[in-house]
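J.: from the sequence below, what's the structure:
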Amino acid sequence: MRKPILFAALLFSCAAHADEPTATVRKQIVDLTQQMMDALGEGKADVWQRTLLDDALITDEFGRRQTKKEAVDSIHPFPAGISGSIEVRDPHVRVYGNTAVIDFEDYEKETFFGQNFLVRYISTATYIRHGDDWKLATMLDVTLPTVPPKLDVRAVNPADYSGTYRISPDRAWIVDVENGKLQWRTKAGHPAHSLDAIAKDVFMGGDDEKNLMIFRRDASGKVTELIERRKFNDLRLKRE
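T.: Reported below is the predicted structural model:
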């Protein structure tokens, strides 16, 4: 992946340690970042055109890499029925010579044909000073897992899933019921996390990662396996 290589090169070419930004520099970087987020919602591609370096690298929340041209060309006004805004929250700015790095939360509100959505991202952006201006060299976004809306799923019997699910001879997860609610833990004595039903035999883990937890049944209908779908891979655990 090219971004970390470029990022490291920028840092080592400028300074070994970060300096605290002046109030002026901090405001410039935060304001410029907010302008870029506003431009996404307003469809103002010209803001990105003048802010990005010609060889800038953008990686979005889906892992898609974009050149400057690709990023600029993707910015359009919302069609009728869709609106949204992104607020820069909790920004942290560090300066390495003529390079400034900001990490922040993108707090996005979107209305999609009358339905409201709230999505949070964590982003890191690298700016290079060009005279009196700052130009964007790289930006990387990741989606922050958050608690989803609860679903009313019928025909879910928590007792069906209680038990020990083994990964290896010396490692197993525990699924049990407390106060009528299903929960799981990776080891006896460890904190328990909720299992929130999405459909029969399909749950979302209540831990930070919010992975899908899928229970599999045999021909007789008995639960025999737990699958944790993590980062597009399946971790399989056999029920004892």
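J.: okay, CA-based contacts and neighbour counts for the rest of this
T.: Will do.
J.: do a quick rundown of the strands in this protein.
T.: Assigned by DSSP state E, the chain shows strands spanning 52-59, 65-66, 82-96, 99-112, 115-130, 133-143, 163-168, 171-178, 181-185, 193-199, 202-205, 212-217, 223-230, 233-239.
J.: what packs against the last one?
T.: Applying 3 or more CA pairs under 8 Å, 6 or more residues apart in numbering; DSSP states H and E, we find strand 233-239 packed against strand 163-168, strand 223-230.
J.: pipe the ones you listed into a markdown table and attach distance to residue 20, mean pLDDT and mean neighbour count per row.
T.: As requested, the helices and strands packed on strand 233-239 are exported to a markdown table (distance: least, CA to CA, whole Å; pLDDT from 0 to 100; neighbours: other CA atoms under 10 Å):
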| stretch | distance to residue 20 | mean pLDDT | mean neighbour count |
| --- | --- | --- | --- |
| strand 163-168 | 47 | 96 | 17 |
| strand 223-230 | 38 | 97 | 18 |
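J.: for those, which one sits closest to residue 183?
T.: For the helices and strands packed on strand 233-239, the distance to residue 183 is smallest for strand 163-168, at 10.8 Å, taking CA to CA.
J.: partner strands of the closest one, parallel or antiparallel?
T.: Strand pairing for strand 163-168, determined by DSSP bridges: strand 171-178 (antiparallel), strand 233-239 (antiparallel).
J.: now those strands in CSV, please, with extra columns for distance to residue 48.
T.: Shown next, in CSV, are these (distance: least, CA to CA, whole Å):
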stretch, distance to residue 48
strand 171-178, 48
strand 233-239, 35
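J.: quick one: low-confidence parts of the chain?
T.: Residues of the chain meeting the criterion pLDDT under 70: 1-16.
J.: which residue is nearest the middle of it?
T.: The residue lying closest to the centre of the chain (CA atoms, centre = their mean) is residue 143, at 1.6 Å.
J.: count of residues packed around the nearest residue in space to that residue that is not next to it in sequence?
T.: Distance criterion CA to CA, 6 or more residues apart in numbering; nearest residue to residue 143, sequence neighbours excluded, is residue 121 at 4.4 Å. Residue 121 has 18 neighbours, counted by other CA atoms under 10 Å.
J.: then the one 5 residues further on?
T.: Applying the criterion other CA under 10 Å, we find 24 residues in the vicinity of residue 126.
J.: beta partners for it?
T.: Applying DSSP bridges to residue 126 gives these bridge partners: residue 101, residue 138.
J.: I figured it hits residue 102, correct?
T.: Yes. Using CA atoms under 8 Å, residue 126 is in contact with residue 102, at 6.6 Å.
J.: from residue 186, how far out is residue 164?
T.: 10 Å (CA to CA, to the nearest Å).
J.: what do the two both touch?
T.: Overlap of the contact sets of residue 164 and residue 186 (by CA atoms under 8 Å, 6 or more residues apart in numbering) consists of 172-174.
J.: reformat the residues you listed as JSON lines; add neighbour count and distance to residue 180.
T.: Converted to JSON lines, the shared contacts of residue 164 and residue 186 look like this (neighbours: other CA atoms under 10 Å; distance: CA to CA, whole Å):
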{"residue": "172", "neighbour count": "19", "distance to residue 180": "23"}
{"residue": "173", "neighbour count": "18", "distance to residue 180": "19"}
{"residue": "174", "neighbour count": "19", "distance to residue 180": "16"}
